[in-house]
Each structure stands twice: as C-alpha cells, then as structure tokens.
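1. here is the input, now give the coordinates:
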Amino acid sequence: MFLRQMLTHFLAIAIICASLPPAAPTAYAAHVAPASPSSPAAAKPQFTLRSNMRIAAAPQLAEFPGACTPREISGATPDTANQVWLPLVLNGGSAAATAASTVKTAQPALLQQPTIPLDPSLIATPLDEQTSFAESIAFLYSGPNAVQTGVAAEAIVPEQAAVLRGAVRAQDGQPLPGVKIQIFGHAEYGQTLSRADGAYDMVVNAAQVTVCFELPGHLPTQRMVNAAWHDFTTLADVVLLPMDDVVSTIDLANSNEIQVAQNRPTSDGDGNRQSTLLFEPNTGAQMVMADGATKPLSALNVRATEYTVGANGPQAMPGDLPLASGYTYAVEFTVDEALMAGAIDVQFDKPVINYVENFLGFPAGAAVPTGYYDRGRSAWTPADNGRVIHILSINGGVAALDVDGSGQAAGPAQLAELGIDEAELRHWRSCTAPGKASARPHSPLHTVGNRQLALRSARRRHA
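-> Numbering: from 1, shown residues only. Down below sits the predicted model:
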C-alpha cells in the first residue's frame with residue numbers, strides 16, 4: 001500500500017502528518033517507535049537511477065533560504081477542527097527552482113570556511129565573590145575572543161541574561177562543528193558556531209525563544225526553549241542531516257507525460273520506503289522570492305531527504321513535535337535552483353502527487369491527516385488529509401486501486417474525487433507491483449521541507 005498526497009507548491013517549510021481524532025481506531029494512530037542504538041543502522045540500499053536522476057552534491061550555501069527569518073503568511077490557514085497532531089511528518093521546505101540560464105536573480109553567499117570558536121573554558125574571565133552572573137558570562141559575547149559574534153549594543157540586559165548551551169551532531173552521532181546557531185526573530189543576538197566537539201554556548205535574555213541551526217549542505221532545524229533567568233539552560237542534542245545526494249531533473253518546458261522525482265531508498269528497523277513525486281504533463285511553476293516577486297520556472301532539480309531514519313531520527317526533526325503527536329516519518333523536498341536563488345516558495349498550477357510505501361501498515365482507505373512545519377513562522381500548521389491506497393492489480397497497463405478499504409477497485413467517480421486520472425493509473429505499471437499499498441495526500445506540495453507518507457491531496461494552497 002502507499003500513502004498518497006497532492007501538493008500545489010513547494011514552500012520553505014516542513015510538513016507533518018496530523019493524527020486522527022482521539023476516538024479513531026488505534027490501528028490508525030499506530031506510530032513507529034524511534035530505533036534504539038541496537039537497531040539496524042540506517043542503510044542506503046542499491047537501486048537503479050531513472051534516466052532523469054543522477055548523484056550530485058547538494059548546494060553549499062552560507063544560508064538556507066528562510067531557515068531563521070520570520071515570514072508572515074497571507075490567506076486563510078486550513079481548518080484545524082477535530083485534528084490532533086500525530087507522528088507522521090511530511091516536510092516541504094523552502095524550495096524554489098528555476099533554470100539558472102533563464103532567470104537572473106541575486107545569488108546567496110556561497111560557503112566560506114568558518115572560524116571555529118575557542119572552548120569558553122580557555123577564555124573565561126576570573127571570578128570572585130563580587131562577580132554577578134551577567135558579568136561572569138559577558139566574555140561569551142564581548143571581547144576579542146568572543147564565541148558569540150554580531151551582538152548588538154545593549155541587546156543583552158544584565159538583569160535578564162541567560163545562557164543556552166547544547167551540542168550538534170551528525171547523523172552517525174559524531175560531533176558536528178561549524179554549525180551556525182541563531183535565535184529566530186532576534187538578529188540582535190548575533191550568532192555562534194558549534195565547536196570542534198559540537199558544543200555551543202549562546203547568551204540571550206530570559207524568555208521563550210526558538211533556536212535555529214544551519215550548516216551548508218544540510219537541512220536546517222529549529223528548537224524552542226525557555227531560557228532561564230540568570231542560569232544555564234541545556235538543550236537536547238540536535239542532529240543535522242545532509243541533503244540527499246540523488247537529484248531528479250524535472251523538465252517543465254517539455255512535458256508530455258508524467259515525470260518522476262525520487263530519493264534514495266531508505267531502510268532501517270521500521271522497514272523500507274522511498275518517496276515519489278509525480279509531475280503531471282504541462283505542469284507550470286513559478287518561484288516566489290522573499291519580497292513577493294515571482295519568476296517563471298522551466299526546470300527543477302529536486303531532492304527528497306528523509307528525517308526519520310535510524311536511531312537519531314527524532315533529534316533531526318525540523319522542529320519540535322506538538323505534545324499530542326508522536327514520532328513516525330518525515331521527508332523534506334528541496335530544489336537546487338531554488339536554494340541557489342534564495343527563493344522561499346515554488347507554486348504549481350497543477351497538484352504534484354506525493355507517494356510513499358505504506359511501511360507503517362495503515363489500512364487501505366484510511367485518511368491520514370497531515371500538516372507542515374513552517375520555518376518562517378516557527379510553527380506547525382494543519383493541511384488536508386491524505387489517503388492510503390492499495391494496488392489490487394494492473395490490467396492492460398492500468399492499475400486498479402482500492403481507495404476505501406473495500407477490497408474492490410475504485411470506480412471513475414471515486415477516482416475523480418481524489419483527482420486520480422488515467423495517466424496516474426498507467427504510471428504504476430512501471431513503478432510497482434500489485435499487492436502494494438500507498439498513501440496519497442490531498443494537499444499542496446511544498447519543497448524545502450519534509451514530506452513523509454505518500455499521501456494524496458488536491459487542495460491548492462498559496463503562501
């Protein structure tokens with residue numbers, strides 16, 4: 001079976017599957033427990049690249065578009081009635097794409113080798129009984145060897161001073177130095193970098209703040225924390241993931257048939273899965289810049305990176321999960337051209353269909369509530385439900401789908417309601433075998449974010 005979802009834009013956000021209402025059968029709300037350290041390590045299975053796919057390193061940019069910049073969203077947000085956030089995460093991050101040869105736009109700064117801060121213990125000022133807390137930590141953001149740079153004058157109020165500390169790690173658990181750390185919406189606090197051991201310290205004023213973590217070639221993440229007055233507050237370790245090395249090229253200018261974008265298949269103790277995006281013929285797209293300007297797109301180089309792989313998946317999530325949700329599955333779509341252009345969104349004039357194997361074992365026909373993490377708002381937002389579908393057979397090159405759990409092939413009216421056309425039914429001939437189930441959501445597509453279950457949705461949403 002597969003999870004199926006239809007998307008209409010790639011936004012610099014992350015997407016999560018919401019839970020079913022509290023009274024829903026427990027089978028619907030089942031979630032995958034985080035892998036234990038003894039679980040099989042996340043694997044990179046062998047697979048055959050499609051003709052439009054290649055292996056390529058991710059763009060090495062100094063800043064990930066929209067990773068720590070507040071952004072107001074116009075238009076109505078989806079209805080949140082009777083929705084409780086659950087573990088599934090689909091991430092659509094800030095992905096914008098355009099053919100570099102046809103669109104001229106300001107390019108973001110490329111990667112420069114960062115200067116790793118010294119261990120604070122080597123530069124700390126001497127203390128005595130008269131030293132106040134604010135004075136004892138001032139060396140962290142002032143002086144020639146400050147580990148926190150770019151702090152505005154008088155930004156730190158002595159009576160409110162607080163210190164955040166923690167560590168950043170790679171997917172394999174090793175320390176990750178050079179990660180840029182900032183506070184969402186508070187440029188006056190400047191920034192710091194993780195040190196050789198992955199640790200960091202940052203001074204702020206006591207309050208609830210959101211900490212942003214960025215490293216070139218990796219997916220950014222955010223964490224909310226209550227900075228304690230005149231104290232040190234330690235955050236849980238954060239894991240940053242490198243963007244997937246499989247790139248799928250989608251040629252929108254010459255599109256007479258469905259085009260496919262996929263990531264490298266993932267496998268761990270929870271099962272095997274692969275995210276698949278289907279672009280309908282004659283799909284149009286435009287890139288949205290930070291100032292609201294739009295530019296037409298003719299080509300996309302798409303990546304899909306799953307967060308929820310292996311023992312460190314929970315620490316890699318794009319944002320803190322809501323208290324009522326559980327950890328399950330998340331994937332982020334990015335577009336290389338979008339990242340290079342600094343765009344915050346890509347909008348499509350036709351829904352883009354997102355599928356993933358139903359490795360979670362949801363029943364056919366189940367509605368899978370979804371939502372997304374919007375980095376520009378530092379918040380989760382609900383989206384339209386996806387659907388679990390079961391491929392019963394393939395006859396004459398056309399798939400027969402169970403979309404309601406009846407065990408019977410869906411008729412034209414049911415398929416039309418979900419936006420499933422003959423081109424999509426014929427697509428399954430070349431990509432899967434009967435007996436598999438999938439999920440397909442009915443909501444817009446976002447890129448630079450995460451999308452997990454292959455759900456299906458057709459709602460058009462604009463940022």
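
2. could you point out the longest strand in the chain?
-> Counting residues, the longest strand found in the chain (DSSP state E) is strand 379-395.

3. any idea how far that one is from the middle of the chain?
-> The chain centroid and the centroid of strand 379-395 are separated by 18 Å under Cα atoms, centre = their mean, to the nearest Å.

4. can I get it in CSV, CA atoms only?
-> C-alpha atoms of strand 379-395 as CSV (Å, rounded to 0.1, in the frame of the first residue of the first chain):
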residue,chain,number,x,y,z
ALA,A,379,5.1,26.7,13.9
TRP,A,380,3.2,23.6,12.7
THR,A,381,0.2,24.1,10.6
PRO,A,382,-2.5,21.6,9.6
ALA,A,383,-3.1,20.6,6.0
ASP,A,384,-5.6,18.5,4.1
ASN,A,385,-5.8,14.7,4.7
GLY,A,386,-4.0,12.2,2.5
ARG,A,387,-5.3,8.7,1.7
VAL,A,388,-3.9,5.2,1.9
ILE,A,389,-4.5,3.3,-1.4
HIS,A,390,-3.9,-0.3,-2.3
ILE,A,391,-2.9,-1.5,-5.7
LEU,A,392,-5.1,-4.5,-6.4
SER,A,393,-3.9,-5.4,-10.0
ILE,A,394,-2.5,-3.9,-13.2
ASN,A,395,-4.6,-4.8,-16.2
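
5. could you point out the helix or strand that follows it?
-> Next helix or strand after strand 379-395 toward the C-terminus (DSSP states H and E): strand 398-402.

6. list the contacts for the nearest residue to Glu257 once chain neighbours are set aside?
-> Nearest non-adjacent residue to Glu257, counting by Cβ to Cβ, 6 or more residues apart in numbering: Pro281, 5.7 Å away. From N, CA and C alone the C-beta is placed, and that goes for glycine too. Contact analysis of Pro281 by Cβ atoms under 8 Å, 6 or more residues apart in numbering lists 255-258, 423.

7. please indicate which of those are buried?
-> 255, 258 (16 or more other Cβ atoms under 10 Å).

8. could I get the contacts of Pro281 as a markdown table with distance to Ala367?
-> What follows is the contacts of Pro281, written out as a markdown table (distance: Cβ to Cβ, whole Å):
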| residue | distance to Ala367 |
| --- | --- |
| Ser255 | 30 |
| Asn256 | 33 |
| Glu257 | 30 |
| Ile258 | 25 |
| Ala423 | 24 |
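
9. pick out the lowest-pLDDT one from the contacts of Pro281.
-> Checking pLDDT across those, the minimum falls on Ser255 at 77.

10. that one: which element?
-> Per DSSP H and E, there is no helix or strand for Ser255.

11. go ahead and confirm it touches Thr283.
-> Yes. At 6.4 Å, Ser255 counts as touching Thr283 under the criterion of Cβ atoms under 8 Å.

12. low-confidence ranges in the stretch 301-450 of the chain?
-> Scanning the stretch 301-450 of the chain for pLDDT under 70 picks out the ranges 429-450.

13. would you map the helices across it?
-> Using DSSP state H, counting those that start in this stretch, the helices assigned to the stretch 301-450 of the chain run over residues 313-316, 336-341, 412-418, 422-427.

14. packing partners of the last one?
-> Just to be clear, that refers to helix 422-427. strand 398-402 (3 or more Cβ pairs under 8 Å, 6 or more residues apart in numbering; DSSP states H and E).

15. partner strands of the strand it packs on, parallel or antiparallel?
-> Here strand 398-402 has these sheet partners by DSSP bridges: strand 379-395 (antiparallel).

16. what about the residue nearest to Leu277 when sequence neighbours are not counted, which SS state?
-> Of all residues not flanking Leu277 in the chain, Ala261 sits nearest, at 4.2 Å (Cβ to Cβ, 6+ apart). Three-state call for Ala261 (DSSP: H, G, I helix; E, B strand; the rest coil): strand.

17. so who does Ala261 touch?
-> Counted by Cβ under 8 Å, 6+ apart, Ala261 has contacts 52, 248, 250, 276-277, 279, 300, 302, 304.

18. Gln259 too?
-> Contacts of Gln259 by Cβ under 8 Å, 6+ apart are 52, 250-251, 278-279.

19. list the residue ranges of the stretch 1-150 of the chain that fall below the pLDDT cut-off.
-> Using pLDDT under 70, the stretch 1-150 of the chain drops low at 5-6, 8-46, 72-113.

20. at 90 instead, please
-> Along the stretch 1-150 of the chain, the parts satisfying pLDDT under 90 run over 1-51, 58-67, 69-115, 118, 123, 125-130.

21. follow-up on the earlier one: nearest to Glu188 among the contacts of Pro281?
-> Using Cβ to Cβ, Ser255 comes nearest to Glu188 of the contacts of Pro281, at 46.8 Å.

22. against Glu422, how distant is the closest residue in space to the closest one that isn't next to it in sequence?
-> Counting by Cβ to Cβ, 6+ apart, Ser255 lies nearest to Pro281, which is 5.1 Å off, once chain neighbours are set aside. Distance, Pro281 to Glu422, using Cβ to Cβ, to the nearest Å: 12 Å.
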